[in-house]
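Trainee: Give me coordinates for this.
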Amino acid sequence: MENMGQMERDEREFGPRLGSMLDAYADELPTPATDLVSGGLARGRRLRRRRQTLWGAAVFTVATGLAGGAVLAGVIPDGTGGGKDNQAADATVTIPDFSLAAAQTSAPAGKVAVTGKAAVATLRDLLPGKPATSGYRWWDGKEGADSVSAGGRLLVQGRAETTVSVQGAFQLTAFDALDKDAAREAAGKSGQREQEQDKTGRTAPDKSAAAKEAAGSEPESKSTSEKKIRPATRAELQTFYSCAARTDAKATMSSCQARNLDDGSVLISYEEKSGPLTRRTADLLRKDGTRIVVVTSNSTDTKRGPADVTAPPLTLAQLTAIADSADWQAWVEPSVNDGAKGLS
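Mentor: The predicted structure follows:
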């Protein structure tokens with residue numbers, strides 16, 4: 001009889017004690033970021049459902065005689081569920097050793113700098129599905145002893161702009177692109193004017209000389225009008241190829257990933273949204289110092305909009321495949337440029 005009484009007392013205490021334990025355990029479970037957005041009321045409902053689930057698992061454990069820990073481990077979220085992250089963790093990339101690329105500061109034998117026309121023609125040929133394209137524009141940078149810069153744009157189906165920029169020996173001339181504030185400071189101290197680059201790598205045209213000529217002033221001499229150039233450090237490049245460095249105050253970054261490819265090249269791909277305007281970018285820096293930037297949007301004007309179609313014509317995966325094509329070269333056979341002369 002004494003044993004029966006003890007069993008009855010244990011049964012009466014079992015429910016409240018187990019309930020308290022499960023409540024405490026459920027309260028400590030990690031709450032996904034979406035719960036925080038949904039508010040306290042939704043979180044309370046979810047916690048009640050968790051407690052009910054845990055209670056059911058515990059009752060099942062007692063009823064079947066299985067070890068409670070084994071069953072609970074199967075119903076407790078591990079924090080790696082199917083929630084969709086808007087932005088991947090900002091991984092740190094490894095910058096290649098450019099020592100061999102730095103030694104190549106002139107055109108290889110028989111090669112010439114790629115032209116903007118040739119770059120646009122290559123972009124057109126690499127588009128998956130060969131869609132109708134139009135609206136070709138291109139630009140050519142100054143061919144220097146150690147750099148090549150060219151690129152352009154086209155419209156897919158006449159309404160969605162896609163651009164490309166090809167830069168040779170980027171690590172040797174990337175000062176402005178990596179740190180505009182430092183570039184302004186250095187230009188001010190040296191008395192040299194600045195030519196800024198945007199995230200696509202294109203150098204903005206300098207209007208100071210033209211403005212001075214229009215006003216009757218003498219343009220700056222060549223020695224003071226050239227852009228200040230210095231090589232980028234590996235630390236600066238590592239920062240530049242990070243999601244944090246690509247955040248634009250006027251846009252929302254909906255996805256971003258920075259990583260090294262199998263061959264050691266560095267790739268950052270991301271999507272930005274400004275209201276209905278969506279921009280997608282794939283920015284690849286090869287081990288030889290060649291940088292290829294491909295950008296697409298759902299507008300005929302990627303920078304300013306407005307949106308002309310629902311979504312950009314290329315996914316981030318397709319942009320990455322285009323940027324990673326071996327067809328992109330800073331120095332090409334003359335026939336490559338000649339073949340693009342008919343582009344109009």
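Trainee: can you count the residues close to residue 251?
Mentor: For residue 251, the neighbour count with other C-beta atoms under 10 Å is 16. Just so you know, the C-beta spots here come from the backbone N, C-alpha and C atoms, and that holds for glycine as well.
Trainee: pretty sure it contacts residue 274?
Mentor: Yes - shown here, residue 251 and residue 274 form a contact pair, counting by C-beta atoms under 8 Å, at 4.5 Å.
Trainee: Pass me the low-pLDDT residue ranges in the stretch 151-300 of the chain, would you?
Mentor: 174-229 (pLDDT under 70).
Trainee: can you give me the strands for it?
Mentor: 160-167, 252-260, 266-274, 277-285, 291-297 (DSSP state E, counting those that start in this stretch).
Trainee: Serialize the ones you listed to JSON lines and add fields for distance to residue 305.
Mentor: Below are the strands of the stretch 151-300 of the chain laid out as JSON lines (distance: least, C-beta to C-beta, whole Å):
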{"stretch": "strand 160-167", "distance to residue 305": "10"}
{"stretch": "strand 252-260", "distance to residue 305": "14"}
{"stretch": "strand 266-274", "distance to residue 305": "7"}
{"stretch": "strand 277-285", "distance to residue 305": "4"}
{"stretch": "strand 291-297", "distance to residue 305": "8"}
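Trainee: Format those as JSON lines; extra columns: mean neighbour count and distance to residue 310.
Mentor: Converted to JSON lines, the strands of the stretch 151-300 of the chain look like this (neighbours: other C-beta atoms under 10 Å; distance: least, C-beta to C-beta, whole Å):
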{"stretch": "strand 160-167", "mean neighbour count": "26", "distance to residue 310": "10"}
{"stretch": "strand 252-260", "mean neighbour count": "17", "distance to residue 310": "15"}
{"stretch": "strand 266-274", "mean neighbour count": "21", "distance to residue 310": "13"}
{"stretch": "strand 277-285", "mean neighbour count": "24", "distance to residue 310": "9"}
{"stretch": "strand 291-297", "mean neighbour count": "27", "distance to residue 310": "12"}
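Trainee: So for residue 243, which of those strands sits nearest?
Mentor: When the strands of the stretch 151-300 of the chain are compared by C-beta to C-beta, strand 252-260 sits nearest residue 243, at 3.8 Å.
Trainee: so residue 110 makes contact with residue 331?
Mentor: No - contact criterion C-beta under 8 Å: residue 110 and residue 331 do not qualify, at 9.2 Å.
Trainee: If you count neighbours, what's buried in the helix or strand residue 337 falls within?
Mentor: Assigning secondary structure by DSSP states H and E places residue 337 in helix 334-339. For helix 334-339, a neighbour-count test (16 or more other C-beta atoms under 10 Å) marks 336-337 as buried.
Trainee: Could I get the CA-only coordinates of it as CSV?
Mentor: C-alpha atoms of helix 334-339 as CSV (Å, rounded to 0.1, in the frame of the first residue of the first chain):
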residue,chain,number,x,y,z
PRO,A,334,43.9,42.1,-83.8
SER,A,335,41.3,40.0,-85.5
VAL,A,336,39.1,40.1,-82.4
ASN,A,337,38.8,43.9,-82.6
ASP,A,338,38.5,43.9,-86.4
GLY,A,339,35.6,41.4,-86.1
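Trainee: sorry, back to before: so which of the strands of the stretch 151-300 of the chain is nearest residue 99?
Mentor: strand 277-285 (15.2 Å).
Trainee: Now do the closest one and strand 266-274, the angle between them.
Mentor: In terms of direction (axes from the mean of the first three to the mean of the last three C-alpha atoms, to 10 degrees), strand 277-285 departs from strand 266-274 by 170 degrees.
Trainee: Next, the angle from strand 277-285 to strand 291-297.
Mentor: Interaxial angle, strand 277-285 versus strand 291-297 (the same axes, to 10 degrees): 170 degrees.
Trainee: re the thing from before, out of the strands of the stretch 151-300 of the chain, nearest to residue 127?
Mentor: With C-beta to C-beta as the yardstick, what comes closest out of those is strand 160-167 (7.6 Å).
Trainee: what are the pairing partners of the closest one, and which direction each?
Mentor: Strand pairing for strand 160-167, determined by DSSP bridges: strand 149-156 (antiparallel), strand 291-297 (antiparallel).
Trainee: With distance to residue 136 added, can I get those in CSV?
Mentor: Below are these laid out as CSV (distance: least, C-beta to C-beta, whole Å):
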stretch, distance to residue 136
strand 149-156, 5
strand 291-297, 15
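Trainee: now for the ones you listed, which one comes closest to residue 339?
Mentor: strand 149-156 (14.9 Å).
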